[in-house]
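Visitor: Got a sequence here, can you model it:
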Amino acid sequence: MKKCPECCAIFEDSIDVCPTCGEQLENYVNSSKKEENRKQEKPQVNDYINSRQRDNNAYVFERNIGNDVEINGSVVESSTQQYYQSKFTKIVQALFSGEPYQLSHTTFVTVFRVEEHTTRGYPERARDITLYGNMQNIFAVGDDVTVTASRKGNRYVAKNVYNHSINEDVRIQPYISAAVIRTVAIIIAALVLYVIIGLLTADYAAIGASIMNFFVSLLPLGFGIWILWYLLKGLFKK
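Guide: So this is what the prediction gives:
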């Protein structure tokens, strides 16, 4: 006896193709064994492990890590602003507002809201976080993220964002941090102040005498060069 694997009809051994659906008939005994094997097969278990499962503190909404804050939750809203700033304006913003100096002509500022994970039907806590720089990859509403941020007054400024939905860091276009800009500005200011103090306390009479002695010491050398040039000119004169 033979059996159609599609419509499960039983036919004589002399028939090879199902007249109803056109499927190749199978041996009825082998077909029965295949059915039993399918029933005994266990469903495959997905080996993918979300990075949340490796951390016992994964679902703590907010905790302090040194001078920074770690925030875990879901993105519920995101808005990116783009505007042009001159180099001078970028330096001023870095010095007085703590914004990083972005190397591109366009300045990117993204503000997104992260709400805590909850099973109570609604979240009780949320944080608005500012992210500076052009993102090379994006996060969407509903993504599960871990944000490492620093407090800047009443703002939270993101230093690193890890997206658990895709198990990747959110990559930001390189920029110069405000701390570097401020350090360079302090060094330049100290050098300028040192020069000003030196000018105010300098002995100008001694400086003038030193300059005069320098030029006087050059007179014999200049006179010797003039004599040598005069002799060479007369020697090669036609």
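Visitor: do you know how far residue 147 is from residue 71?
Guide: 5 Å (Cβ to Cβ, to the nearest Å). Using the backbone N, CA and C atoms, a C-beta is placed for each residue, glycine as well.
Visitor: Can you work out which residues contact both of these two?
Guide: Shared contacts of residue 147 and residue 71 (Cβ atoms under 8 Å, 6 or more residues apart in numbering): 114, 129, 156.
Visitor: Dump those residues to TSV, plus secondary structure, pLDDT and distance to residue 104.
Guide: Shown next, in TSV, are these (DSSP: H, G, I helix; E, B strand; the rest coil; pLDDT from 0 to 100; distance: Cβ to Cβ, whole Å):
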residue	secondary structure	pLDDT	distance to residue 104
114	strand	92	26
129	strand	92	22
156	strand	91	24
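Visitor: where exactly do the helices run in the chain?
Guide: 28-40, 87-96, 178-200, 204-235 (DSSP state H).
Visitor: Out of those, the one nearest residue 125 is which?
Guide: Nearest to residue 125 among these is helix 178-200 (28.1 Å), distances taken as Cβ to Cβ.
Visitor: Where among the helices of the chain is average confidence lowest?
Guide: Between the helices of the chain, the one with the least mean pLDDT is helix 28-40; it has a mean of 54.
Visitor: Give me the most central residue, this structure.
Guide: residue 172 (2.5 Å; Cα atoms, centre = their mean).
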